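Novice: give the three-dimensional model of this entry:
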Amino acid sequence: MSSKALGAASGLDDLRSSGALKMLFPRCGAERVTGVMVNTAGGVTGGDRLNIAATAGADSRLTLTSQAAERIYRAQPGEVGQISTRLQLHDGARLDWLPQETILFDRSALNRSLQIDMAGDATALIVEPLVFGRAAMGETVSDAALHDRIHLRRDGKLIFADTLHLSGDVQAHLTRPAVAAGAGAMAGILFAGPQAETHLAPLRALMPPTGGVSLIRPGLLFARLLAPDSFVLRQTLVPVLTRLNGGALPRTWML
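Specialist: Below is the predicted model:
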């Protein structure tokens, strides 16, 4: 899908969907296009392939979120679910990638990649929350495989790369102090754009003891958060994302 500028507003330029992935467009104001992704399959298991591509056209604003948390279910031996997302931002565009949590269940297997290509004066807000089992249900992830990658390029130059690889007894890995110190949920937040520096001090004031934020290069802010569960994670994520989003989040993000 793609968005385009319509004077001071933004509108839908192109849309194509197939398979289990659908898109809804709630009324959220003319200044941006807001798309809500729906996986009608109810989740991802081994052998599934989801491909998402979105473009924010020149001087337009596009916000993408999900209707609910994405669930990564138990996979058969040797099978891996794959989610591939490619985001492109043209001159003066802004794209807010705000999916809800990805929940990994026991014996799940996921290979996920997120590629962002942006013009030098574009702005991107990216969040990827991960939850390892539902704490309220007493779930643990004692056997799973996750390979997660994020690459961000500005004017064709790679300026950010992050890779997370967990396999085997994930619960045991997460208890290690150098990994997650017992956290059951985590999130990475990227803000790339001309205003990145202005958000550094306000975001540091919002960080819990298990979170941190840094200006890792001019125009690029990165934060990582750890929490015992998804509810506690959201208590920090919502005010942080509201600040970076410049206003209220999509209604799907309401606690």
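Novice: can you get me a residue count around the residue nearest to residue 99 when sequence neighbours are not counted?
Specialist: Closest residue in space to residue 99, ignoring its immediate chain neighbours: residue 66 at 4.5 Å, by C-beta to C-beta, 6 or more residues apart in numbering. C-beta coordinates here come from the backbone N, C-alpha and C atoms, glycine included. The number of residues packed near residue 66 is 19, by other C-beta atoms under 10 Å.
Novice: distance check, residue 66 against residue 100.
Specialist: Going from residue 66 to residue 100 by C-beta to C-beta, to the nearest Å gives 5 Å.
Novice: ok, now residue 36?
Specialist: Using C-beta to C-beta, one gets 10 Å for the distance from residue 36 to residue 100.
Novice: report the contact partners of residue 62.
Specialist: Under the criterion of C-beta atoms under 8 Å, 6 or more residues apart in numbering, the contact partners of residue 62 comprise 2-3, 10, 32-33, 35, 54-56, 93-96.
Novice: if we can go back for a sec, what is in contact with residue 36 and residue 100 at once?
Specialist: 65, 66, 252.
Novice: hmm, residue 36 and the last one touching each other?
Specialist: Yes. Contact between residue 252 and residue 36 holds when scored by C-beta atoms under 8 Å: they sit 6.3 Å apart.
Novice: can you list residues touching both of those two?
Specialist: Overlap between the neighbourhoods of residue 252 and residue 36 consists of 65, 66, 67, taking contacts as C-beta under 8 Å, 6+ apart.
Novice: picking that back up, who wins on neighbours among the contacts of residue 62?
Specialist: With neighbours taken as other C-beta under 10 Å, the top of the contacts of residue 62 is residue 56, carrying 33 neighbours.
Novice: now that residue. Its backbone dihedrals?
Specialist: For residue 56, the backbone dihedrals (degrees, to the nearest 10) come out as phi -90, psi 110.
Novice: thinking again about what came up before, tabulate the shared contacts of residue 36 and residue 100 (TSV), appending pLDDT, secondary structure and distance to residue 128.
Specialist: Converted to TSV, the shared contacts of residue 36 and residue 100 look like this (pLDDT from 0 to 100; DSSP: H, G, I helix; E, B strand; the rest coil; distance: C-beta to C-beta, whole Å):
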residue	pLDDT	secondary structure	distance to residue 128
65	97	strand	12
66	96	strand	11
252	88	helix	16
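Novice: including distance to residue 142, could those residues go into TSV?
Specialist: What follows is these, written out as TSV (distance: C-beta to C-beta, whole Å):
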residue	distance to residue 142
65	31
66	27
252	30
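Novice: between those residues, which is nearest residue 74?
Specialist: residue 66 (21.0 Å; C-beta to C-beta).
Novice: scan the chain for its longest helix.
Specialist: Looking across the chain with DSSP state H, the single longest helix is helix 230-245.
Novice: show me where pLDDT drops low in the stretch 1-150 of the chain?
Specialist: Using pLDDT under 70 as the threshold, the predicted model of the stretch 1-150 of the chain has no low-confidence range.
Novice: all strands of it, in order?
Specialist: Using DSSP state E, counting those that start in this stretch, the strands of the stretch 1-150 of the chain run over 2-6, 9-14, 21-24, 33-39, 49-56, 61-66, 70-72, 81-89, 94-98, 102-104, 109-118, 123-132, 144-154.
Novice: for those, give me a markdown table that also has distance to residue 211.
Specialist: Written out in a markdown table, the entries for these read as follows (distance: least, C-beta to C-beta, whole Å):
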| stretch | distance to residue 211 |
| --- | --- |
| strand 2-6 | 31 |
| strand 9-14 | 32 |
| strand 21-24 | 31 |
| strand 33-39 | 26 |
| strand 49-56 | 27 |
| strand 61-66 | 21 |
| strand 70-72 | 22 |
| strand 81-89 | 24 |
| strand 94-98 | 18 |
| strand 102-104 | 19 |
| strand 109-118 | 20 |
| strand 123-132 | 12 |
| strand 144-154 | 18 |
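Novice: wait, which of those strands is closest to residue 186?
Specialist: Proximity of these to residue 186 was assessed by C-beta to C-beta; the nearest stretch is strand 123-132, lying at 5.3 Å.
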